[in-house]
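Asker: I would like to see how this sequence folds:
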Amino acid sequence: MRVLLAEDDVELGRVLEQGLGEEGFAVTRAHDGDAALERLRGGGFDACVLDVALPKRDGLEVLAVARREHGTTPILLLTARASVEDRVQGLDLGADDFLGKPFAFAELAARLRALHRRPSAYQPASLSVPPVELDVARHALRCRGEALSVSPTQFRLLELLMRRAGEVVPRAAILRHVWSYSFDPGTNLIDVHVAHLRGKLDRPGEPSLIETVRGVGYRFRGGA
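Answerer: Sure thing, here's the model as predicted:
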């Protein structure tokens, strides 16, 4: 399970990263709100532990922007604020869970596992970016009304690109989300699968629905 840990307290962050690692979580750290939002936009995480009191951009703002941009990563808020109003505000902004400081590490780990098991309220069951329609629940793909067959890996790749249609999805985010790689294996793995998708989706003589952004990644732009 891949977890983004957004915590500016260096010592607490170190302890949590070590403890979660020992529990089998793959942890990526962010030390301020800007870095946390950037990593959330990159995708590829199964959950995010987000401290409310972050520098540069506080956790509630990170949460609000992530949900406004249709980010789907389950988010657990950490806060020293104990009032019901603060908790309600976080949940209303789209937090999936809430844990007050101080907390027991075992409870944090258990809540993260529960989030991973829980279907996300922010994951639409179907996607439509003309001319492509994707039924995630039924694992079905249609393009210009025609049913197409692709591999499970290509389906996950297309789903990621369509969920972020119009945005450039970095190669690192694609590797994390589709193959669970935390590193670049130095192969043309992504390019081969993109080429297969283009062969299914594109029409000869027309611009590709999946645009290559050289040196960065890919963007699904759709078409008429």
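
Asker: Report the buried residues of the helix or strand of the chain with the lowest mean pLDDT.
Answerer: Ranked by mean pLDDT, DSSP states H and E, the helix or strand of the chain with the weakest confidence is helix 84-93, at a mean of 77. Under the neighbour-count criterion of 16 or more other CB atoms under 10 Å, helix 84-93 has 86-87, 89-90, 93 buried. Using the backbone N, CA and C atoms, a C-beta is placed for each residue, glycine as well.

Asker: Same question for stretch 166-186.
Answerer: For stretch 166-186, by 16+ other CB under 10 Å, it's 167, 169-179.

Asker: So which of the residues you listed sit within strands?
Answerer: In strands, judged by DSSP state E, the following of the buried residues of stretch 166-186 are found: 169-170.

Asker: Could you give the number of residues near Lys58?
Answerer: One thing to correct before we go on: residue 58 is Asp, not Lys. By the criterion of other CB atoms under 10 Å, Asp58 has 16 neighbours.

Asker: Could you report the separation of it from Gly71?
Answerer: 17 Å (CB to CB, to the nearest Å).

Asker: quick revisit: quick one: which of the buried residues of stretch 166-186 is nearest Val49?
Answerer: For those, the residue nearest Val49 by CB to CB is Arg176; the value is 16.9 Å.

Asker: got a list of what the closest one touches?
Answerer: Arg176 makes contact with 2, 42-45, 182 under the criterion CB atoms under 8 Å, 6 or more residues apart in numbering.

Asker: Need the pLDDT of it.
Answerer: Note on Arg176: pLDDT of 82.

Asker: From Arg2, how far off is it?
Answerer: In this view, Arg176 and Arg2 are 7 Å apart by CB to CB.

Asker: Then Val194 would be within a helix, right?
Answerer: Yes: remark: Val194 belongs to a helix, assigned using DSSP: H, G, I helix; E, B strand; the rest coil.

Asker: who's the residue lying closest to it once chain neighbours are set aside bridged to?
Answerer: Leaving aside its chain neighbours, Val194 sits nearest to Ile210 (5.7 Å; criterion: CB to CB, 6 or more residues apart in numbering). Bridge pairing for Ile210 (DSSP bridges) gives the partners Phe220.

Asker: Ile210: how many residues sit nearby?
Answerer: A total of 20 residues lie near Ile210 under the criterion other CB under 10 Å.

Asker: contacting residues for it?
Answerer: Per CB under 8 Å, 6+ apart, neighbours of Ile210: 161, 194, 197-198, 201, 218-221.

Asker: roughly how far apart are the residue positioned nearest the centre of the chain and Ala110?
Answerer: The residue lying closest to the centre of the chain (CA atoms, centre = their mean) is Gly43, at 3.0 Å. Gly43 sits 25 Å away from Ala110, going by CB to CB.

Asker: for Ala95, same thing?
Answerer: In this view, Ala95 and Ala110 are 17 Å apart by CB to CB.

Asker: So for these two, which residue has more residues nearby?
Answerer: Set Ala95 next to Ala110 and count neighbours by other CB under 10 Å: Ala95 wins out with 22 against 12.
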